[in-house]
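Enquirer: Starting from these lines, generate the structure:
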Amino acid sequence: MGKFGKWIAGGLGFAIGGPIGAILGFTLGSMFESKDTSTQYQRSAGHPYSQPQQTTTGGFAMSLLVLVAAVMKADGKVMRSELDYVKQYFTKAFGPDSAAEAIKLLRDLLNQNIPVTDVCHQISRNMDYSSRLQLLHLLFGIAQADGHIDTSELNLIEKIAANLGINTPDFDSIRSMFVKNNGWAYSVLEIESSANDDEVKKAYRKMAIKYHPDKVSYLGEDFQNQAKEKFQKLNEAYEAIKKERNIN
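Expert: Purely as a prediction, here's the structure:
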């Protein structure tokens, strides 16, 4: 079993009994048949909506896969090219073995009906806010993997964000990292273009704390590395404003 499978096997606890557990149950049963995994599954089982002390890598990975499947199906069709792009994304992010496991799960998920609202509510109850922000960032990144975010995908991601309890400024900030309309850099920093230079600097410092990769260090090195991309996009926005205003 590759590390993606181990992440999921080690994080089944919060999913059992809820919509994510119901969606993933059959696929997990067929993928992870080893005695060790079965034992780990049983140990992880608990009350489906009990609040963990810390978001697990496995819970995060499961949530990501289910939501990725929902976004891919948003326009009513799943193209082979889209699946290839997602595979490339996972390969780059997590390596070929983990990507192969993720795509195997994803293929099954794409054939299922995903109750997005219920799934998001389960995630919101069992995942800290920084991890939910990282989920949102990854969903945008994967939706844009083919070079374009479809309107139906954008609308569904907005629905997902609302049901995950992501506030509007944070949603707009992350969306602007990928959909760069006029004033995108200010939106990333969650300020108006009328803000003065001191307010821009203050906003950057505030966002740098919010988006710092250390906020999700407990998810492990792979997901923390993905969080660095969000931090880089924040810096890109800040540099764009500094250049525009000639701020040193």
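
Enquirer: Tell me the buried residues in stretch 171-180?
Expert: F171, D172, S173, I174, R175, S176, M177, F178 (16 or more other C-beta atoms under 10 Å). For the C-beta atoms, the positions are set from N, CA and C on the backbone; glycine is no exception.

Enquirer: How about the contacts made by S193?
Expert: G183, Y186 (C-beta atoms under 8 Å, 6 or more residues apart in numbering).

Enquirer: For L133, see how far away it is.
Expert: S193 sits 23 Å away from L133, taking C-beta to C-beta, to the nearest Å as the criterion.

Enquirer: In strands, which of the buried residues of stretch 171-180 fall?
Expert: The strands in this structure, assigned by DSSP state E, contain none of the buried residues of stretch 171-180.

Enquirer: which one of the residues you listed is nearest W184?
Expert: Nearest to W184 out of these is S176 (C-beta to C-beta; 4.3 Å).

Enquirer: what's the helix or strand for the closest residue to that closest one other than its chain neighbours?
Expert: Excluding the flanking residues, the one nearest S176 by C-beta to C-beta, 6 or more residues apart in numbering is S187, at 3.9 Å. Assigned by DSSP states H and E, S187 belongs to helix 184-188.

Enquirer: ok, now G165?
Expert: Assigned by DSSP H and E, G165 falls outside every helix and strand.

Enquirer: so it touches R132, yeah?
Expert: Yes. Under the criterion of C-beta atoms under 8 Å, G165 makes contact with R132 at 6.9 Å.

Enquirer: ok, the two, which is more surrounded?
Expert: R132 (22 against 14; other C-beta atoms under 10 Å).

Enquirer: any idea how far E158 is from the more buried one?
Expert: 14 Å.

Enquirer: Tell me where this protein is predicted with low confidence.
Expert: Residues of the chain meeting the criterion pLDDT under 70: 1-2, 4-5, 8-17, 26-54.

Enquirer: run the last query once more with 90
Expert: Applying pLDDT under 90 to the chain picks out residues 1-65, 72-113, 125-126, 141-150, 180-182, 217-227, 245-248.

Enquirer: and the residue sitting nearest the centre point of it, what is it in contact with?
Expert: With distances taken as C-alpha atoms, centre = their mean, L135 lies nearest the centre of the chain, 1.9 Å away. Residues near L135 by C-beta under 8 Å, 6+ apart: F60, S63, L64, L67, I123, M127, L164.

Enquirer: want to try JSON lines for those residues, with secondary structure, neighbour count and distance to I103 as columns?
Expert: Below are the contacts of L135 laid out as JSON lines (DSSP: H, G, I helix; E, B strand; the rest coil; neighbours: other C-beta atoms under 10 Å; distance: C-beta to C-beta, whole Å):
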{"residue": "F60", "secondary structure": "helix", "neighbour count": "25", "distance to I103": "18"}
{"residue": "S63", "secondary structure": "helix", "neighbour count": "25", "distance to I103": "17"}
{"residue": "L64", "secondary structure": "helix", "neighbour count": "21", "distance to I103": "13"}
{"residue": "L67", "secondary structure": "helix", "neighbour count": "26", "distance to I103": "15"}
{"residue": "I123", "secondary structure": "helix", "neighbour count": "29", "distance to I103": "21"}
{"residue": "M127", "secondary structure": "coil", "neighbour count": "23", "distance to I103": "23"}
{"residue": "L164", "secondary structure": "coil", "neighbour count": "23", "distance to I103": "24"}
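
Enquirer: I appreciate the help and will end here.
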